[in-house]
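Asks: I'll drop the sequence and a predicted model, then ask my questions.
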Amino acid sequence: MLPSRTLPYNIDMYLNKVFLYGNLTRDPELKALPSGGQVANFGLATNRSYKDKSGAKQESTEFHNIVAFGRTAEVIAQYCKKGRPIFVEGRITTRSWDDKETGKKNYRTEIIVENFQFGADGARTGGETGGSSASREEQPAPQGGEIQYPDEEINPEDIPF
């Protein structure tokens with residue numbers, strides 16, 4: 001048995017961080033809060049592929065409840081629709097309430113959005129939204145969904161990586 005060791009400092013730091021990349025299961029629902037702020041609710045589906053014991057490919061899907069506030073909620077509600085991919089960074093929280101009709105206590109686990117990025121075929125390419133960068137000007141999707149490349153030739157020495 002190994003001797004127990006104590007760290008030379010006290011660790012009182014906890015971590016509640018979630019990174020999800022998936023597709024919206026429904027259009028975001030935008031509502032106004034009594035304070036005048038905005039809140040958007042939507043579902044997100046994430047898929048996982050794996051091989052079972054016999055080597056057959058299997059796929060499982062998880063469904064997540066997502067909540068965004070403020071300008072982030074407005075942008076998501078404006079540009080994201082059912083089926084579109086999105087990358088969400090946030091934290092997990094669980095709400096509870098009593099059902100007045102049945103007297104039963106209900107629970108709902110949600111991801112609170114702190115930052116997000118539109119997915120590969122989203123309405124905007126690149127760019128992070130949320131936090132201090134939420135005020136960036138949003139660009140509409142190019143017509144026909146085609147990528148517009150620059151006319152001039154790209155010099156490989158100009159690429160920063």
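Replies: Perfect, thanks for sending it.
Asks: Please tell me how far Arg95 sits from Gly55.
Replies: Arg95 is 42 Å from Gly55, where distance means Cβ to Cβ, to the nearest Å. Backbone N, C-alpha and C define where each C-beta goes, glycine included.
Asks: Backbone dihedrals for Gly70, please?
Replies: The main-chain torsion angles of Gly70 are listed as degrees, to the nearest 10 and equal phi 70, psi -140.
Asks: All the helices of the chain, residue numbers only.
Replies: Residue ranges of the helices in the chain, as given by DSSP state H, are 70-79.
Asks: OK, contacts around the closest residue to Ala77 other than its chain neighbours?
Replies: Beyond its immediate neighbours in the sequence, the residue positioned closest to Ala77 (Cβ to Cβ, 6 or more residues apart in numbering) is Leu30, lying 3.9 Å away. Counting by Cβ atoms under 8 Å, 6 or more residues apart in numbering, Leu30 touches Gln38, Val39, Ala40, Ala73, Glu74, Ala77.
Asks: same thing but 7 Å
Replies: Applying Cβ atoms under 7 Å, 6 or more residues apart in numbering, we find Leu30 in contact with Gln38, Ala40, Ala73, Glu74, Ala77.
Asks: same deal with Tyr107?
Replies: Thr94, Ser96.
Asks: Distance check, it against Asp98.
Replies: According to Cβ to Cβ, Tyr107 stands 11 Å off from Asp98.
Asks: what does Val18 give?
Replies: Distance, Val18 to Asp98, by Cβ to Cβ: 27 Å.
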